[in-house]
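Engineer: generate a structure from the sequence data that follows.
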Amino acid sequence: MGTAHNSAKMGDIAETVLLPGDPLRAKFIAETYLEDVVQFNSVRNMFGYTGTYKGKRVSVMGTGMGCPSIGIYTYELIHMFGVKNLIRIGSCGAMHENVKLGDIVMAAGSCTDTNYAHQYKLPGTYTAIATFDLLRKAVDAAEKLQFPYVVGNVLTSDVFYDEEADWKRWKEMGVLAAEMESYALYCNAAKAGVNALAIFTVSDSLVIEEEMTAEERQTGFRNMMEVALEVAIQV
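Structural biologist: Just a heads-up that it's a prediction; the model follows:
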């Protein structure tokens with residue numbers, strides 16, 4: 001039975017799901033990389049598809065932008081549809097000079113300026129981290145494919161246009177890049193006891209104020225997608 005946000009039935013979605021923010025990117029992945037594709041969701045135009053990649057059943061679904069949106073979709077994927085492995089693929093803004101446009105950033109941990117963890121009523125600040133097994137497989141895949149990557153801490157923020165340049169304080173603590181979803185994903189996965197990993201393509205730099213061209217995004221995002229798919233077939 002579906003939900004208010006997802007019309008899939010139990011069994012329509014694979015245990016491993018790739019999660020781009022943009023539903024059209026989910027459509028692109030399904031059409032470009034998967035075989036025997038079936039669309040399981042179009043509610044709110046948040047497209048979801050299931051197919052096979054190198055013989056392994058894999059799903060891909062958009063999540064929208066920000067913690068509230070990915071929080072809803074991943075909670076439902078885990079609790080209503082039995083998903084066990086959730087791999088976020090998206091874009092991020094670099095905070096360091098040595099993190100270059102097109103690099104893949106793998107979020108070993110996620111800091112946040114959101115209030116997402118308040119729901120758990122913890123007596124302190126929760127550290128949201130990736131599942132190590134997925135992270136290790138992503139590193140191995142990137143090295144095998146010879147794609148540039150870095151591993152470290154990212155910032156999940158509610159703020160896209162940071163007029164006060166508060167990101168510089170996070171940079172001083174070694175945070176590599178800013179994005180808007182991984183903290184909620186990691187919290188949801190930890191609470192449910194399932195696996196999660198967030199990997200990103202650096203599409204712009206907050207340090208040197210430059211952005212990838214459309215052509216560079218096409219190539220760079222494909223690298224990230226292929227790493228995620230290689231992880232997906234191993235779990």
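
Engineer: look up phi and psi at Arg169.
Structural biologist: Dihedral pair for Arg169: phi -70, psi -40, per degrees, to the nearest 10.

Engineer: and Tyr183, by the same measure?
Structural biologist: Note on Tyr183: its backbone torsions stand at phi -60, psi -40 [degrees, to the nearest 10].

Engineer: that one contacts Asp113, correct?
Structural biologist: No: the pair Tyr183 and Asp113 does not pass the contact test of Cβ atoms under 8 Å, sitting 9.3 Å apart. All C-beta atoms are positioned from the backbone trio N, CA, C, and that covers glycine.

Engineer: quickly list what's touching both of those two.
Structural biologist: With contacts defined as Cβ atoms under 8 Å, 6 or more residues apart in numbering, the residues shared by Tyr183 and Asp113 are Thr156.

Engineer: contacts only, for the residue nearest to Val83 when sequence neighbours are not counted.
Structural biologist: Nearest residue to Val83 in three dimensions, chain neighbours excluded: Leu77, at 4.1 Å (Cβ to Cβ, 6 or more residues apart in numbering). With contact set as Cβ under 8 Å, 6+ apart, Leu77 has these partners: Asn6, Ile13, Val17, Met61, Val83, Leu86.

Engineer: roughly how far apart are Leu77 and Asp162?
Structural biologist: Counting by Cβ to Cβ, to the nearest Å, the separation of Leu77 from Asp162 is 30 Å.

Engineer: for Ala14, same thing?
Structural biologist: Applying Cβ to Cβ, the value for Ala14 to Asp162 is 36 Å.

Engineer: tell me which of these two has more neighbours.
Structural biologist: Taking other Cβ atoms under 10 Å, Ala14 and Asp162 do not tie; Ala14 has more neighbours (24 against 14).

Engineer: give me the pLDDT for the more buried one.
Structural biologist: If you check Ala14, the pLDDT there is 98.

Engineer: residues in contact with it?
Structural biologist: Here Ala14 is in contact with Thr50, Arg57, Val58, Ser59, Val83 (Cβ under 8 Å, 6+ apart).

Engineer: if you set the cut-off to 7 Å instead, what comes out?
Structural biologist: Contact analysis of Ala14 by Cβ atoms under 7 Å, 6 or more residues apart in numbering lists Thr50, Arg57, Val58, Ser59.

Engineer: in the longest helix along the chain, what counts as buried?
Structural biologist: Taking DSSP state H as the criterion, the chain has its longest helix at helix 214-232. For helix 214-232, the neighbour count (16 or more other Cβ atoms under 10 Å) marks 217, 220-232 as buried.
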